[in-house]
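**Student:** Build me a model:
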Amino acid sequence: MLAYVQNGETVAARIERLDLGRRFDAAILASNLINTHASGERQAFLTTCRRHADLVVVEGLPLGWRAEETDRQLGTITLRLRVERIDGQVVYGEVEYVSGPRHWRHPFAMWVFSDADEQGAALAEAGLRLDRWLDDEDGRWFVAVPA
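**Tutor:** Numbers count the residues shown, from 1 in each chain. From the prediction side, this is the model:
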């Protein structure tokens, strides 16, 4: 993805250890990284965001999400979600992205927060708290601020 950035600074680094030595108005933690099944990794992602900004915009799975195999369109890209198994609150599966003759598969293991209290506890581990939801439609995007 970095090859497509124009007129901007790019940094190739592991999010868990990223330290740009400066702060921003906001940090974005997208791609459901808050739902990693490894709580230490989740805390490291959030701590990195907190290190760089007081306002953190987060994309996550909706609270209590129920995994269902689906195919859907995102512009010209077809997304195919396949569920391998569900073990407690962790969903294991794969997403395939198809665009014409090209495709990419991404295996995942995602923790599904059962409710707002559980999600709030994960935020608190990184010194954050929920400020507000950005989408009432499906509860995927929210803003976190210092606790």
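
**Student:** ok, and for stretch 124-143, which residues are buried?
**Tutor:** 126, 128, 130, 139, 140, 141, 142 (16 or more other C-beta atoms under 10 Å). For every residue, glycine as well, the C-beta is placed using N, CA and C.

**Student:** The lengthiest helix in the chain - contacts with which helices or strands?
**Tutor:** Taking DSSP state H as the assignment, the helix of the chain that covers the most residues is helix 39-52. Applying 3 or more C-beta pairs under 8 Å, 6 or more residues apart in numbering; DSSP states H and E, one finds that helix 39-52 makes contact with strand 27-29, strand 56-59, helix 116-124.

**Student:** what would the ones you listed look like in TSV with distance to residue 74 and mean pLDDT?
**Tutor:** Converted to TSV, those look like this (distance: least, C-beta to C-beta, whole Å; pLDDT from 0 to 100):
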stretch	distance to residue 74	mean pLDDT
strand 27-29	18	96
strand 56-59	14	97
helix 116-124	25	95
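
**Student:** For those, could you give me JSON lines that also reports distance to residue 1?
**Tutor:** Converted to JSON lines, the helices and strands packed on helix 39-52 look like this (distance: least, C-beta to C-beta, whole Å):
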{"stretch": "strand 27-29", "distance to residue 1": "14"}
{"stretch": "strand 56-59", "distance to residue 1": "16"}
{"stretch": "helix 116-124", "distance to residue 1": "26"}
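
**Student:** Residue 7: which of the buried residues of stretch 124-143 is nearest?
**Tutor:** Checking the buried residues of stretch 124-143 against residue 7 by C-beta to C-beta gives residue 141 as the nearest, at 26.0 Å.
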